[in-house]
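Undergrad: Quick one, fold the following:
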Amino acid sequence: MVDGLSAKRLVVTADDFGLHASVNEAIEQASRQGVLTAASLMVAGAAAADAVRRAHALPRLRVGLHLVLADGSPVLPAHRIPDLLDRTGRFGNRMLVDAIRYFALAPVRRQLEAEIRAQFDAFARTGLVLDHVNAHKHFHVHPSLLGMILRIGREYGMPAIRIPDEPLWFARASGARWRAPAAAAALAPWMALMRWRVRAAGIAHNDRVFGICCSGSMDEGRLLQILARLPPGLTEIYLHVATESGAAIAPTMRGYHHADELAALLSRRVRSAIGASGATQGGYRDLIGTPAQAGYA
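TA: Numbers count the residues shown, from 1 in each chain. Down below sits the predicted model:
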């Protein structure tokens, strides 16, 4: 049996907490009756207040901040961050265009920093203990955004951040033919740089993540596939759960099978597979050890 940081440690996370009432309901179900250990909160989501209320009544659920800087609502009023929002007052979904603007334009970066700080501050006002940080659509891979998040996050006691580094074998097995493996390979240098910067900042992180190439379709079969090959170290599996599915949750999630992902978290077969794997479950704060140790499994 493997001991210490080389042992198997597993965080099972639901993203988009606070996006919709049916997301919150599913997260509560999966925390009380299933294998869910963590959730990532959208502090400006339409159902954020309901999510916070539920979280305070779920002692086993660890809650982190799901920073929204694309395809969602801001915390700050539009007049404070006009260069970040579309005509409806929301972050748009042109991530490549925005990524270039964030590199090139100093005024835009100043507005971004203000919004990131506002979201950290909004989380602090919930009274919840911050377990981890990640970003909607993994926009925190962007070097400029990552630098801001690391700097501001340390002020707010950020203990850990998700590195969206998914094993290539899972991308190959996803059924997406060449696209998912090619994307994973293209991102490898960025993941290495991100890992180095996070470690240099003294922030803990996962060793690997599952959920990217099968976003919206992390059903029972896929979870069992992952758990059968679960390696030592800190693994995060993230899902998008709700009691409804698809466009009922958000227009950009038409193809998502939220209810199937909830069923996976409630599955007895999945619970048994976690037990058979020998993994210790929890949130990041439960599993990372001291900051000096974390991320080096």
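Undergrad: which residues in this structure form helices?
TA: For the chain, applying DSSP state H gives helices covering 21-33, 48-56, 95-104, 106-125, 143-155, 168-172, 179-200, 220-228, 258-266, 268-277, 284-287.
Undergrad: got the angle for the first one vs helix 258-266?
TA: Helix 21-33 runs at 10 degrees relative to helix 258-266, counting by axes from the mean of the first three to the mean of the last three Cα atoms, to 10 degrees.
Undergrad: Name the residues of helix 21-33 that are buried.
TA: Applying a neighbour-count criterion of 16 or more other Cβ atoms under 10 Å, one finds 21, 22, 23, 24, 25, 26, 27, 28, 29, 30, 31 buried in helix 21-33. Yep, even glycine has a C-beta here, placed from its N, CA and C like the rest.
Undergrad: Report all helices and strands that it contacts.
TA: strand 8-17, helix 48-56, helix 258-266 (3 or more Cβ pairs under 8 Å, 6 or more residues apart in numbering; DSSP states H and E).
Undergrad: Go again with 10 Å.
TA: strand 8-17, strand 38-41, helix 48-56, strand 233-239, helix 258-266 (3 or more Cβ pairs under 10 Å, 6 or more residues apart in numbering; DSSP states H and E).
Undergrad: And the third one, by the same measure?
TA: Helix 95-104 sits against helix 106-125, helix 143-155, with contacts defined as 3+ Cβ pairs under 10 Å, 6+ apart.
Undergrad: Just put those in TSV and tack on mean pLDDT, distance to residue 167 and mean neighbour count.
TA: TSV is the format used below for the helices and strands packed on helix 95-104 (pLDDT from 0 to 100; distance: least, Cβ to Cβ, whole Å; neighbours: other Cβ atoms under 10 Å):
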stretch	mean pLDDT	distance to residue 167	mean neighbour count
helix 106-125	95	29	18
helix 143-155	94	21	18
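Undergrad: could those go into TSV alongside distance to residue 208?
TA: Below are the helices and strands packed on helix 95-104 laid out as TSV (distance: least, Cβ to Cβ, whole Å):
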stretch	distance to residue 208
helix 106-125	25
helix 143-155	18
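Undergrad: Between these, which one is closest to residue 164.
TA: helix 143-155 (11.4 Å; Cβ to Cβ).
Undergrad: about what we covered before: any chance of a markdown table for the helices and strands packed on helix 21-33, columns mean neighbour count, mean pLDDT and distance to residue 80?
TA: Shown next, in a markdown table, are the helices and strands packed on helix 21-33 (neighbours: other Cβ atoms under 10 Å; pLDDT from 0 to 100; distance: least, Cβ to Cβ, whole Å):
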| stretch | mean neighbour count | mean pLDDT | distance to residue 80 |
| --- | --- | --- | --- |
| strand 8-17 | 26 | 97 | 24 |
| strand 38-41 | 28 | 98 | 21 |
| helix 48-56 | 19 | 98 | 19 |
| strand 233-239 | 25 | 97 | 30 |
| helix 258-266 | 23 | 97 | 33 |
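Undergrad: Out of these, which gets nearest to residue 106?
TA: Per Cβ to Cβ, nearest to residue 106 of the helices and strands packed on helix 21-33: strand 38-41, 29.3 Å.
Undergrad: where does this structure dip in pLDDT?
TA: 1-6, 95, 98, 104, 174-185, 290-297 (pLDDT under 70).
Undergrad: Could you rerun that using 90?
TA: Within the chain, the stretches falling below the threshold (pLDDT under 90) are 1-6, 70-71, 87, 91-108, 137-144, 168-191, 213, 245-255, 289-297.
Undergrad: Tell me which residue is most central in it.
TA: By Cα atoms, centre = their mean, the chain has its centre lying nearest to residue 134, at 4.7 Å.
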